[in-house]
Structure formats: C-alpha cells, structure tokens
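Asker: just to be clear, the model below is a prediction. Sequence and coordinates:
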Amino acid sequence: FLTWVNEEDQLRIISMQQGGDVKAVFERLAKGIKAVQESVKKESGKDFCLDKKYGYVHSCPTNLGTGMRASVHVDLPGWTKVGLDALQRRCEELHLQPRGTRGESGGQTGHTYDISNKHRLGYSEIELVQKMIDGVNTLWKEDQAFMAGGAAPAAPAAAAKPATGGYKAMEAQTNGPFPNIQSTHSLAAKYVTKDIWEKLKGIKTKTSGFTLIQAIACAVEFDNQHCGIYAGDWDSYKDFAPVFDPLIQEYHGISASSKHSSDMEVSKIRGNIAEDVPVHSCRIRVGRSIDGFGLSPGITKSQRVGVEKLMVEAVKSFPKDLAGSYYPLTGMNETVRQQLVDDHFLFVSGDRNLTVAGMERDWPEGRGIFHNEKKTFLIWVNEEDQLRIISMQMGGDVRGVFERLAKGIKAVGDSVKKESGKDFCLDAKYGYIHSCPTNLGTGMRASVHVDLPGWTQHGVAKLQARCEELHLQPRGTRGESGGQTGFTYDISNKHRLGYSEVQLVQKMIDGVNTLWTEDKKYQKQYFGDFPFIASQHSLVAKYVTKEKWDALKNITTKTSGFTLAKAIACAVQFNNQHCGIYAGDWDSYKDFAPVFDPLIQEYHGISATAVHSSDMDFNKIQGNIVDGAPVHSTRIRVGRSIDGFGLSPGITKEQR
C-alpha cells in the first residue's frame with residue numbers, strides 16, 4: 001500500500017501485489033482510501049474535492065470521476081503473434097487500454113502487457129474493476145486459442161485498391177512513327193522533336209532493351225506531365241542523350257559542363273532545427289541503383305528478382321542499430337500487411353503514371369520492404385527505384401536523421417559490394433542514377449512536417465513564393481498530389497542535382513528555421529496574443545477558440561492564481577498532446593468551464609447533464625482473474641485532492 005504525495009496529483013493512493021488477485025488488491029485500496037480520508041479530516045477538518053458532476057477532482061481532466069486505473073501485467077504471446085494493432089482493437093471493444101510494461105510512453109517489448117480499464121468517468125469503481133477482470137479473462141481465453149492454432153480475428157476492411165483505369169505499360173518498339181505527345185507543355189515535348197525522334201527511334205538499350213517510346217510513355221499517354229520521361233537503365237541516359245542532356249540541364253538549372261559532387265559528411269552540418277520550431281517528424285530519403293540491373297521502367301523480371309535476392313542477403317550483415325527484417329510483398333500475410341499499412345511503410349500498386357511507365361509489371365514479384373527494429377531506417381526494394389533508402393524519426397533532429405542515413409547508405413553499399421562485387425550507379429556528370437531524371441544527383445529529399453499557422457493565414461501562395469526563394473519545396477502532408485489541410489506542411493529541399501547532400505540538408509535546416517521566425521511574426525500580426533497551439537489535433541485546439549480565449553484570458557483563479565495560459569501550456573509547447581490541458585485548482589474547472597465542460601464531455605463520452613456515482617463496495621465484484629492466467633502483478637491506483645489546496649500544476653509552495 002503506497003501513497004505518493006504531490007506528484008501529478010496531491011495524492012496518488014496505490015494498492016498492489018504480485019499475482020492476479022484483483023479483488024484483494026481492490027479491497028485493500030478501499031480500506032486505504034477510507035483511512036487516508038478519515039485521517040485528513042481528523043487533522044484538518046478538510047475533505048477530498050468531490051464534484052457532483054465530475055467526481056473526484058484531479059489535475060488532468062482525463063482522470064476525473066473515479067480517477068482509478070486498475071491494471072495487471074499479463075503475458076499474451078498469442079495476441080502478440082496476431083499483432084499489436086489487432087490487440088488494441090480488441091481491447092477497445094472490451095473497454096480496456098493496453099500498454100507496454102514500461103508505462104504510457106515506454107513502448108512494448110516481448111509479450112507482457114499492462115492491461116487496464118480505459119474509462120475513469122461515467123462508471124463507478126466497481127464497474128471498472130469488473131470490466132478489467134472480465135476483459136483480461138477474455139483476452140487470455142482468446143490467447144490460448146491463438147497459441148493452439150486458432151484463426152486470427154479479421155482486420156478492418158482495407159481501402160479499395162486504386163484502379164489503374166485499364167492502363168498498361170508501353171511495349172518496347174523501335175522505328176515507329178513520330179508519336180503524339182499529349183503533354184504539350186512538358187519537357188519531353190520540348191526536346192523530343194521529330195528530328196531527334198528519327199535519330200533515336202531505332203535504338204534499344206543493351207541492359208534492358210529499353211526504347212525511346214517507352215521512356216516518354218507518360219507524356220504520350222497523359223496531358224498533365226511536367227517532365228514526362230523516365231530512364232529504363234543507365235544506358236538510357238547515354239543512348240538517348242540528345243533528349244536527356246538538355247532536358248536535365250533545364251530542369252536542374254545546370255550547365256552542359258557541370259559535374260556532380262557528393263558529400264555525406266555529417267560533421268559539416270551547422271546547427272539543427274531550433275528547439276521551439278513545431279516539427280512533428282523528419283524524413284530523409286535517397287534512391288540508389290545497382291550497376292548491371294535495369295531501372296524500374298525497363299528492368300526485366302529476372303533482373304528485378306535478382307535485385308531482391310541480393311538485398312535479402314545484404315540486409316543480414318547490417319550493424320545492430322540498422323538490423324531488422326525484410327518483408328517481401330509476394331506472399332505477405334495479412335497481419336504483416338496491416339502492420340506495414342498502419343506504420344505507413346507499405347507501397348502499393350495502382351498509380352497510373354508508374355503503370356504506364358512500366359514500373360508495375362509483374363506486380364508484386366521481386367518487391368519488398370526492409371525496416372530496422374526501431375522503424376527509423378527503411379529500404380523499399382523495386383518500387384520507383386531499385387532501392388529507396390530512408391531514415392526518419394519523430395521530432396526535428398535533422399542532423400541525427402542524416403547521420404543514420406549516411407551510415408545506412410554505407411551499410412547497404414558495403415553489403416551489396418560484398419555479396420555481388422557490384423557498385424551503385426554513379427555518373428560523373430549526373431550523380432546517382434535514378435529512373436526519373438528529376439531525382440538525379442543526390443536523389444535526396446530531406447523533409448520535415450512542420451506547423452506554420454502564421455504563413456497559412458498570410459497566404460499559401462505567398463508561402464510557396466518564399467520557399468522558392470529559400471530553395472525549398474512546400475507540400476501538403478498527404479504527399480506530392482495529396483493537397484493541403486490545416487497548417488501542417490511538408491517542407492523539403494527543392495534541388496537534387498548541382499548541390500551536395502550536406503548543402504541540401506543545410507538549406508532545409510536553415511530554411512525551416514527562417515520560415516518559423518517569420519511565422520511567429522505573422523502569428524502576432526493576425527492572431528494578437530492568442531497563442532499558437534502546437535498540438536493542432538488536440539482537444540485544446542478544438543475548444544480554445546479565439547473567442548473563448550478573449551473571454552477567459554484575464555481570469556485568475558482564487559485558490560492558486562491559475563490562468564488559462566498555464567492550463568494549456570503543454571498543448572502550446574508540444575505537438576503531440578491529445579487532451580493538452582490541466583487544472584491548477586478546483587476553481588479552474590468552474591472559471592474555465594467554457595473550455596473544460598465540452599472537452600470533458602467529448603473525452604469521457606458523457607452528456608452535459610451527467611452526474612458521477614462512486615461505489616467502492618468490493619463485495620459486489622463477481623469472480624476474479626482465472627487460475628492459470630499468466631498475470632505477473634496487479635496494481636490499482638486512484639488520485640485524490642484535498643479541498644482548499646491547489647492542484648499540482650497551480651499549487652503554491654506554501655500549499656504544497
């Protein structure tokens with residue numbers, strides 16, 4: 001039996017023991033709460049803060065009501081085998097919450113889980129403990145069935161596979177008539193003149209038998225292409241140089257005599273994204289192609305399978321921090337597929353441009369995904385490029401992401417060389433060879449997802465113009481064609497060729513820092529003292545509107561002098577909050593009710609007229625965790641606050 005004093009709540013009262021005797025743990029808790037309450041009353045004449053509507057008052061509104069979390073650590077090897085997402089969905093149905101045993105933010109290791117009641121408010125203590133007991137017994141029964149070979153639960157229906165609209169890859173042809181290029185404003189239309197066509201139409205490349213009509217297939221088939229040309233192998237850039245050379249020079253803004261320089265030296269990067277910039281995540285990717293194999297538009301079936309076989313062996317020798325698993329698309333089971341979808345790692349078929357360009361032939365054979373254990377280092381095999389090497393993580397540590405990428409590229413290159421004796425395709429003029437000429441050079445796209453509310457208010461067109469000046473490219477967070485929603489942007493380096501990797505990463509870091517400095521100026525101009533709420537998807541962002549802010553911003557609570565600005569500090573400071581608000585005293589729930597009331601109702605799923613009921617009568621509990629269930633330990637805690645003192649976020653030193 002434990003009591004924590006002045007942690008997140010004034011009091012955290014805890015009952016726990018080894019094993020699964022939940023009923024006994026709850027009985028001790030009920031006895032302990034009564035003992036604490038009676039002692040406090042005797043010493044001070046004060047009682048616990050108990051609100052008729054919201055139950056026992058806590059600093060965090062998510063804990064209102066019972067303030068109780070009843071949990072067990074239990075082994076679920078069968079559910080682990082089925083998949084964490086399936087377990088989370090099942091727990092949702094049972095009104096439970098699964099966590100790793102390292103706590104709320106500690107992640108999951110092995111097959112031991114912390115399973116607890118999901119709700120706090122809207123149910124009595126007895127009801128929540130009963131839900132936990134019954135739910136854990138149900139999970140264990142299902143776990144045994146899975147371990148005995150039972151079928152896994154069906155995953156939610158997947159989104160319909162994008163239709164290709166009957167499009168198909170352009171066949172290799174030589175000496176055909178001059179084609180009708182529908183993308184009349186494309187670079188392909190500009191440089192594939194009739195004279196050039198006549199000179200090159202009979203050429204078939206040596207590595208993959210690629211022809212010019214295949215290279216410009218998208219510009220012929222569609223009317224919306226900007227570049228409109230792909231290479232089927234390294235030979236294509238040489239054999240069709242009268243088209244590729246001037247096109248590449250115009251697109252990348254380089255001279256005919258320019259040479260590519262590569263530089264992956266992390267120590268040359270100056271600084272990083274500033275700490276106050278609201279960056280959600282960082283991702284840097286490059287493409288690489290292995291010499292002797294065709295590129296995706298022209299690669300033969302046997303070559304594609306050869307690239308995959310080479311990578312299957314190559315990934316086995318990665319250092320520990322990059323080591324992981326390769327998942328071939330061919331024969332992929334549903335559990336793995338769903339996990340890759342949930343992680344946003346899976347690439348799929350159905351893109352009409354890739355189809356017509358020849359990149360989806362023999363789908364899904366020879367294609368797959370590798371990722372390390374931490375899911376911060378990935379390799380896509382035989383998508384638009386033979387290899388897409390990706391480093392990523394949450395937050396704005398661009399330097400750390402680049403360092404991992406550099407290490408990863410070297411590991412891939414060394415492993416491929418060891419397995420096959422082959423190197424990456426590296427051209428003295430055009431750098432690393434890719435299927436799309438827009439990616440030549442570094443082939444690198446270094447990007448962050450960042451909130452820019454000030455620039456959004458100032459105008460998206462003006463943001464685009466400013467990014468152009470900074471050599472950056474802004475997109476919506478749904479990707480190149482996905483459009484923009486809200487005020488979160490994907491900001492990346494614009495160039496690929498003509499600069500080294502270090503230079504491009506530096507441009508991105510400096511540019512994003514500049515945009516954020518300017519954004520704060522526009523926030524002040526358009527929003528006044530209304531704070532920027534970094535957690536834009538939080539309940540705070542939903543319910544702290546400018547109108548409410550103006551109405552409540554000058555209120556100071558009586559008990560501890562708390563303000564709305566202090567209440568929402570976490571949602572303003574961090575971009576990962578779900579709720580994002582704390583109360584500094586009981587007064588906060590009353591004085592800032594226009595924010596707290598609807599927020600609490602939405603979070604707990606209660607009505608505006610709901611009334612809390614408490615019930616600690618342990619005799620009403622039916623049954624217990626079944627014998628044989630592999631429960632390591634049981635822990636039940638509640639929070640309590642003593643009337644007349646502030647809550648932890650607002651409590652004065654004297655009150656504490």
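Answerer: Thanks, I have the structure now.
Asker: show me where pLDDT drops low in the stretch 51-200 of the chain?
Answerer: 102-109, 154-165 (pLDDT under 70).
Asker: run the last query once more with 90
Answerer: Across the stretch 51-200 of the chain, residues meeting the criterion (pLDDT under 90) sit at 81, 83-85, 100-111, 122, 149-170, 172.
Asker: ok, now the stretch 501-650 of the chain?
Answerer: 527-528, 532, 534-537, 573-576, 613.
Asker: mind running it again at 50?
Answerer: Within the stretch 501-650 of the chain, no stretch has pLDDT under 50.
Asker: please enumerate the strands of it.
Answerer: Under the criterion DSSP state E, counting those that start in this stretch, the stretch 501-650 of the chain contains strands at 631-640.
Asker: can you name the residues that contact the nearest residue to Pro61 once chain neighbours are set aside?
Answerer: Among residues not flanking Pro61 along the chain, Ile600 sits closest, at 5.1 Å (Cβ to Cβ, 6 or more residues apart in numbering). For glycine as for every other residue, the C-beta is placed from the backbone atoms N, C-alpha and C. Contacts here follow Cβ atoms under 8 Å, 6 or more residues apart in numbering; on that basis Ile600 touches Tyr54, Pro61, Leu64, Leu121, Ile606.
Asker: can you do 7 Å?
Answerer: Tyr54, Pro61, Leu64 (Cβ atoms under 7 Å, 6 or more residues apart in numbering).
Asker: just those residues now: which is nearest Asp519?
Answerer: Of all the contacts of Ile600, the one with the least separation from Asp519 (Cβ to Cβ) is Pro61, at 29.7 Å.
Asker: and the gap between that closest one and Val595?
Answerer: 10 Å (Cβ to Cβ, to the nearest Å).
Asker: and if you look at Met264?
Answerer: 49 Å.
Asker: for Ile269, same thing?
Answerer: Counting by Cβ to Cβ, the gap from Ile269 to Val595 is 42 Å.
Asker: the more surrounded of the two?
Answerer: A count of neighbours by other Cβ atoms under 10 Å puts Val595 above the other of Ile269 and Val595, at 26 against 17.
Asker: contacting residues for the nearest residue to the more buried one once chain neighbours are set aside?
Answerer: Closest residue in space to Val595, ignoring its immediate chain neighbours: Tyr543 at 5.1 Å, by Cβ to Cβ, 6+ apart. Residues counted as contacts of Tyr543 (Cβ under 7 Å, 6+ apart) are Val595, Pro598, Leu599.
Asker: 10 Å - rerun?
Answerer: Ile568, Gly580, Ile581, Phe592, Pro594, Val595, Phe596, Asp597, Pro598, Leu599, Ile600, Glu602 (Cβ atoms under 10 Å, 6 or more residues apart in numbering).
Asker: try Tyr499
Answerer: Here Tyr499 is in contact with His252, His260, Ser261, Asp263, Gly441, Thr442, Met444, His471, Asn493, Val505, Gln506, Lys507 (Cβ under 10 Å, 6+ apart).
Asker: and for Lys81?
Answerer: His111, Asp143, Phe146, Met147, Ala152, Thr335.
Asker: now with 8 Å, please.
Answerer: Listed by Cβ under 8 Å, 6+ apart, the contact partners of Lys81 are Phe146, Met147.
Asker: next one: Gln386
Answerer: Gly287, Arg288, Ser289, Ile290, Phe293, Leu295, Ser296, Ile299, Val307.
Asker: go again with 10 Å.
Answerer: Gln386 neighbours (Cβ under 10 Å, 6+ apart): 287-290, 293-296, 299, 303-304, 307-308, 310-311, 380, 424-425, 433-435.
Asker: quick one, phi/psi of it?
Answerer: phi -50, psi -50 (degrees, to the nearest 10).
Asker: separation between it and Tyr603?
Answerer: 48 Å.
Asker: then Trp363?
Answerer: Where Tyr603 is concerned, Trp363 sits at a distance of 44 Å (Cβ to Cβ).
Asker: please apply the same query to Met68.
Answerer: 16 Å.
Asker: neighbour count winner among these two?
Answerer: It is Met68, of Met68 and Tyr603, that has more neighbours when counted by other Cβ under 10 Å, with 28 against 17.
Asker: just give the nearest non-adjacent residue to the more buried one, would you?
Answerer: Per Cβ to Cβ, 6+ apart, closest to Met68 is Val638, 4.8 Å.
Asker: what residues are up against that neighbour?
Answerer: Counted by Cβ under 10 Å, 6+ apart, Val638 has contacts 9, 11-15, 29-30, 32-33, 36, 56, 58, 63, 66-70, 120, 125, 616.
Asker: same question, Gly65
Answerer: 51, 53-58, 119-125, 128, 600, 604, 606, 610, 612-614.
Asker: from those residues, which land in helices?
Answerer: Glu125, Leu128, Ile600, His604 (DSSP state H).
Asker: nearest to Arg656, of those residues?
Answerer: Ile600 (25.3 Å).
Asker: confirm that Glu313 sits in a strand.
Answerer: No - looking at Glu313 with DSSP: H, G, I helix; E, B strand; the rest coil, it is helix, so not inside a strand.
Asker: quick one: secondary structure of Glu27?
Answerer: Classified using three-state DSSP, Glu27 is helix.
Asker: typo on my end, it should be Pro364
Answerer: From three-state DSSP, the assignment for Pro364 is coil.
Asker: that one touches Ser349, doesn't it?
Answerer: Yes - counting by Cβ atoms under 10 Å, Pro364 sits close enough to Ser349 to count as a contact (7.0 Å).
Asker: name the residues contacting each of those two.
Answerer: Contact criterion Cβ under 10 Å, 6+ apart; residues shared by Pro364 and Ser349: Leu329.
Asker: tell me where the stretch 251-400 of the chain has strands.
Answerer: Under DSSP E, counting those that start in this stretch, the stretch 251-400 of the chain gives strands at 279-288, 324-328, 368-372, 377-381, 387-394.
Asker: neighbouring strands - and their directions - for the first one?
Answerer: The reference is to strand 279-288. strand 387-394 (antiparallel), strand 445-451 (antiparallel) (DSSP bridges).
Asker: how far off centre is that strand?
Answerer: 12 Å (Cα atoms, centre = their mean, to the nearest Å).
Asker: again, but for the fourth one
Answerer: Between the centre of strand 377-381 and the centre of its host chain there is 16 Å, according to Cα atoms, centre = their mean.
Asker: so which bits of that strand are buried?
Answerer: Phe377, Leu378, Ile379, Trp380, Val381 (16 or more other Cβ atoms under 10 Å).
Asker: check stretch 118-130 too.
Answerer: 118-130.
Asker: can I get the residues you listed in JSON lines with distance to Gln464?
Answerer: Putting the buried residues of stretch 118-130 into JSON lines (distance: Cβ to Cβ, whole Å) gives the following:
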{"residue": "Lys118", "distance to Gln464": "43"}
{"residue": "His119", "distance to Gln464": "46"}
{"residue": "Arg120", "distance to Gln464": "46"}
{"residue": "Leu121", "distance to Gln464": "46"}
{"residue": "Gly122", "distance to Gln464": "47"}
{"residue": "Tyr123", "distance to Gln464": "50"}
{"residue": "Ser124", "distance to Gln464": "55"}
{"residue": "Glu125", "distance to Gln464": "55"}
{"residue": "Ile126", "distance to Gln464": "58"}
{"residue": "Glu127", "distance to Gln464": "54"}
{"residue": "Leu128", "distance to Gln464": "51"}
{"residue": "Val129", "distance to Gln464": "56"}
{"residue": "Gln130", "distance to Gln464": "57"}
